[in-house]
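Peer 1: structure of the sequence below:
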Amino acid sequence: MARKGKCMASSLDKLKALTSKLEEKLEKKEKKVEKVSTNVLNDTPKKEIVKEKKPVKAKETEKKESIKKVAPARKKVNTASTDVIREENIHRVKTLYEKLKIFEKSPDFSNIFVYKAMNLSGIGLKEDDFGEVREGKYIQIIAITYEPDKNGKKKAKNISLGYFGKAETLESGLKNEIIEFVLRWRYEKAFQNLEHYKDLIARVEVPSDTLF
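Peer 2: Below is the predicted model:
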């Protein structure tokens, strides 16, 4: 029993670190992007600045032009690295989608991210109760969507995407895969939400030297 407890704890620790590891990858990529951007700025030719004394307004314009040249490079590197992480994450989500038989309730994988949110019933996902099963509860993956009622007012609707029996009978390996599926779904959904807000920002008039 002691050995089994250690294995479960070890597996749970690995799963708990999943989100932070993915974010660490993003952070490392961001640092690389910062380094590339700095190098590009340092390598900008300065002959014209040294030879000619330009009015203050002209110098400010030149500085903005330099930032514009760096910004596309930053965006290109960052987008490429992000795409790789997302592709790997979605691939794992699809593997778990099939393994956990989520397709029985949501047959089209391309629609799996249409849901507004995803929760887990019967297992804690907060920092203080992460991975803890709640005795007497039934384990379910719950998708949340909003649908209009008879008055046209949108109301939250819970949809069960997977039912896995009582918490007491849940095998540790299956529990970890269920948690991983929910976490990885949320991770991709976060990317999609960011894209949504970037699209909205693009519709607003913003300074040309902003990041996006």
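Peer 1: I'd like the next helix or strand past the strand of greatest length in the chain.
Peer 2: Identified as the longest strand of the chain according to DSSP state E is strand 154-166. Remark: after strand 154-166, the chain's next helix or strand is helix 172-202, criterion DSSP states H and E.
Peer 1: how close does the closest residue to Asp149 other than its chain neighbours get to Ile102?
Peer 2: With Cβ to Cβ, 6 or more residues apart in numbering as the criterion, Asp149 has its nearest non-adjacent residue at 5.3 Å, and that residue is Lys155. (C-beta placed from N, C-alpha, C; glycine too.) For Lys155, the distance to Ile102 equals 24 Å [Cβ to Cβ, to the nearest Å].
Peer 1: Ser121 now?
Peer 2: 15 Å.
Peer 1: which stretches in this protein count as strands?
Peer 2: Going by DSSP E, the chain shows strands at 117-121, 138-148, 154-166.
Peer 1: what's the angle from the second one to strand 154-166?
Peer 2: It stands for strand 138-148. Put simply, strand 138-148 runs at 170 degrees to strand 154-166, going by axes from the mean of the first three to the mean of the last three Cα atoms, to 10 degrees.
Peer 1: for the shortest one, same thing?
Peer 2: Angular relation of strand 117-121 and strand 154-166 on a 0 to 180 degree scale: 40 degrees, by the same axes, to 10 degrees.
Peer 1: need the residues that contact strand 117-121.
Peer 2: Strand 117-121 is contacted by residues 125, 137-144, 161, 178-179, 182, 185-186, 189 when judged by Cβ atoms under 8 Å, 6 or more residues apart in numbering.
Peer 1: how about that strand: buried residues?
Peer 2: For strand 117-121, burial by neighbour count (16 or more other Cβ atoms under 10 Å) applies to Met118, Leu120, Ser121.
Peer 1: one more: the second one?
Peer 2: For strand 138-148, the buried set under the neighbour-count rule, 16+ other Cβ under 10 Å, comprises Ile139, Gln140, Ile141, Ile142, Ala143.
Peer 1: and Pro45, what pLDDT?
Peer 2: Looking at Pro45, its pLDDT reads 47.
Peer 1: just use 8 as the starting number from now, easier for me
Peer 2: New numbering, starting at 8: the last item is Pro52.
Peer 1: got phi/psi on Leu107?
Peer 2: phi -90, psi 0 (degrees, to the nearest 10).
Peer 1: let me know whether it touches Val189 as I believe.
Peer 2: No - the criterion here is Cβ atoms under 8 Å, and Leu107 misses it with Val189 at 10.2 Å.
Peer 1: ok so, going back, settle it for me: which of Lys162 and Ile109 has more neighbours?
Peer 2: Neighbour comparison, Lys162 and Ile109: the larger count goes to Ile109, with 21 against 10 (by other Cβ atoms under 10 Å).
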